[in-house]
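Engineer: how would this look folded up:
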Amino acid sequence: MTDKLALHTRLEKDLTEDWQAILDILAEFMQVPVALILQADNQQVNVYARNQSKRNPFRLKQNLPSGSSLFHKKVIETNQQLSVLDASQSKEWAKSNELQYGLINYLGFPLHWPDGAKFGIICVMKTDAEAYTTKQKQVILQIKKIVESHLELVWQNQQLQAQSNNLQYLAYTDDLTESWNRRAFINESNKELKRSHRSGHIVCLLMMDIDDFKDINDAFGHEVGDEVLKLFSHCIQATKRPYDIFGRIGGEEFAILLPETGLKQATHLAERIRKKVSEIFYFTQGQSIKITVSIGVHQVDDKETNILVALNQADKLLYAAKHSGKNTVIATSL
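Structural biologist: Residues are numbered from 1 along each chain as shown. Here you go, the predicted model:
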């Protein structure tokens with residue numbers, strides 16, 4: 001669960017600054033050279049925030065391998081606070097890395113995410129064996145609560161982001177085919193057109209229509225028609241390139257915007273799609289349904305800054321493909 005902070009770079013920076021200021025105050029009140037917030041991650045502990053004292057030997061973002069600090073290891077393993085007044089007097093702590101800096105006095109508490117998962121540790125260390133006062137212990141416990149309240153904000157922010165991403169996915173995705181819906185295709189394609197026109201790259205557009213789809217619906221019903229649409233969409237998703245923009249425009253019509261693609265390459269891809277689709281057979285009610293597609297290939301003109309204009313041009317080519325015998329690709333004549 002420690003990757004939550006990595007998902008929120010701006011929030012992470014703000015937390016680092018806030019926690020550093022808190023640790024500066026904590027170190028002064030506790031009269032210690034070292035105050036740390038550590039993030040436990042797999043087999044190591046990372047210094048997430050530190051007080052700014054020159055007497056603090058630990059660096060921000062420093063990785064402390066598992067076992068180098070017996071103090072931190074104990075807190076993480078037991079998930080309980082640890083208080084050690086004088087580690088130099090105990091064989092248990094003799095090999096802990098902190099002793100090389102004379103840090104013999106340790107007080108640390110585990111930090112948790114709201115769901116109970118471990119985040120890491122907040123701790124203070126010093127070079128003398130003097131016990132902390134009750135008031136000092138109360139203060140570090142209060143700061144622990146403040147840090148965990150910050151972690152709760154990160155958690156809530158992540159939950160809201162996840163919900164927002166899910167809502168956007170639902171709003172932009174065609175439920176049946178799991179491709180972009182018309183609105184999403186238009187939005188994403190217009191963004192790509194602006195980028196391509198700025199950079200001077202060629203863009204092509206494929207307009208596709210499943211041949212005789214109405215006859216399939218009439219003969220076998222809409223449920224079979226839906227399955228045919230799914231098969232077609234999955235075939236296109238498996239054939240197109242990762243950066244191509246694919247969407248269902250309406251009914252049995254689909255489109256693909258091909259960034260940085262010339263007419264020859266786009267036509268080749270369209271032929272490959274046509275061939276792949278022609279290999280699809282859907283079996284139902286003891287019969288085999290053969291699927292074919294007609295495709296119009298249009299190279300987008302520099303003046304076509306809106307994808308709707310390009311779609312209209314590609315649709316004319318698709319119409320020509322339909323009337324030339326179907327299962328055909330027709331491209332712009334340049």
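Engineer: and K276, how many residues sit next to it?
Structural biologist: 15 (other CB atoms under 10 Å). Where you see a C-beta, it was placed from the backbone N, CA and C, and this is true even at glycine.
Engineer: same check, this time on I202
Structural biologist: I202 sits with 16 neighbouring residues when counted by other CB under 10 Å.
Engineer: so V34 sits right up against N56, yeah?
Structural biologist: Yes: counting by CB atoms under 8 Å, V34 does reach N56; the two are 4.9 Å apart.
Engineer: If you count surrounding residues, which of the two has more?
Structural biologist: The neighbour count for V34 versus N56, taken as other CB under 10 Å, is higher for V34 (24 against 21).
Engineer: For the closest residue to the more buried one other than its chain neighbours, give me the pLDDT.
Structural biologist: Leaving aside its sequence neighbours, V34 sits nearest to M125 (CB to CB, 6 or more residues apart in numbering; 4.2 Å). Looking at M125, its pLDDT stands at 98.
Engineer: Let's see the helix or strand hosting M125 as PDB, backbone CA atoms only.
Structural biologist: Under the criterion of DSSP states H and E, M125 resides in strand 118-126. Provided in PDB are the C-alpha atoms of strand 118-126 (Å, rounded to 0.1, in the frame of the first residue of the first chain):
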ATOM      1  CA  LYS A 118       1.700  -0.300   7.400                       C
ATOM      2  CA  PHE A 119       3.200   2.900   6.000                       C
ATOM      3  CA  GLY A 120       6.300   3.200   8.100                       C
ATOM      4  CA  ILE A 121       7.700   4.700  11.300                       C
ATOM      5  CA  ILE A 122       8.000   8.000  13.100                       C
ATOM      6  CA  CYS A 123      11.000   8.000  15.400                       C
ATOM      7  CA  VAL A 124      13.400  10.200  17.400                       C
ATOM      8  CA  MET A 125      17.000   9.300  18.400                       C
ATOM      9  CA  LYS A 126      19.700  10.800  20.600                       C
END
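Engineer: picking up where we left off before, spell out which residues are contacts of both of V34 and N56.
Structural biologist: Shared contacts of V34 and N56 (CB atoms under 8 Å, 6 or more residues apart in numbering): A27, R50.
Engineer: dump the residue contacts of the residue lying closest to A331 once chain neighbours are set aside.
Structural biologist: The spatially closest residue to A331, leaving aside those adjacent along the chain, is V297, at 3.8 Å (CB to CB, 6+ apart). Going by CB under 8 Å, 6+ apart, V297 touches 204-206, 263, 266-267, 270, 314, 317, 329-332.
Engineer: Assumed V297 was part of a strand.
Structural biologist: Yes: V297 sits within a strand when classified using DSSP: H, G, I helix; E, B strand; the rest coil.
Engineer: now it: how far from K61?
Structural biologist: Going from V297 to K61 by CB to CB, to the nearest Å gives 51 Å.
Engineer: Can you check the distance spanned by stretch 59-79, start to finish?
Structural biologist: Stretch 59-79 has an end-to-end distance of 24 Å (CA to CA, to the nearest Å).
Engineer: so how far is that stretch off the chain centroid?
Structural biologist: Remark: stretch 59-79 is offset 29 Å from the chain centroid, using CA atoms, centre = their mean, to the nearest Å.
Engineer: which stretches of the stretch 151-300 of the chain form helices?
Structural biologist: Assigned by DSSP state H, counting those that start in this stretch, the stretch 151-300 of the chain shows helices spanning 182-199, 213-220, 222-239, 263-278.
Engineer: Any idea what the residue nearest to V34 is bridged to?
Structural biologist: Per DSSP bridges, the residues bridged to M125 are V34, Y106.
Engineer: wait, what's in contact with it?
Structural biologist: Residues in contact with M125 (CB under 8 Å, 6+ apart) are V32, P33, V34, L36, F71, E98, L103, N105, Y106, L107.
Engineer: Need the contact partners of the helix or strand that the fifth one is a member of.
Structural biologist: When secondary structure is defined by DSSP H and E, F71 falls within helix 70-78. The contact list for helix 70-78 (CB under 8 Å, 6+ apart) reads 38, 40, 45, 64, 66-67, 81-82, 84, 87, 92-93, 95-96, 98, 106, 108-110, 118, 120-121, 123, 125.
Engineer: which of the residues you listed count as buried?
Structural biologist: Buried subset of those (neighbour count, 16 or more other CB atoms under 10 Å): 38, 40, 45, 64, 81-82, 84, 87, 93, 96, 98, 106, 108-110, 118, 120-121, 123, 125.
Engineer: for the nearest residue to F246 once chain neighbours are set aside, what are its contacts?
Structural biologist: In space, and not counting its chain neighbours, F246 is closest to I256: 4.9 Å by CB to CB, 6+ apart. I256 sits next to L205, L206, M208, I236, K240, D244, I245, F246 when contact means CB under 8 Å, 6+ apart.
Engineer: Let's have the residues you listed in CSV, adding pLDDT, distance to Q138 and neighbour count.
Structural biologist: Below are these laid out as CSV (pLDDT from 0 to 100; distance: CB to CB, whole Å; neighbours: other CB atoms under 10 Å):
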residue, pLDDT, distance to Q138, neighbour count
L205, 97, 67, 27
L206, 97, 68, 29
M208, 97, 69, 27
I236, 95, 64, 22
K240, 93, 62, 17
D244, 95, 61, 18
I245, 96, 58, 23
F246, 96, 60, 22
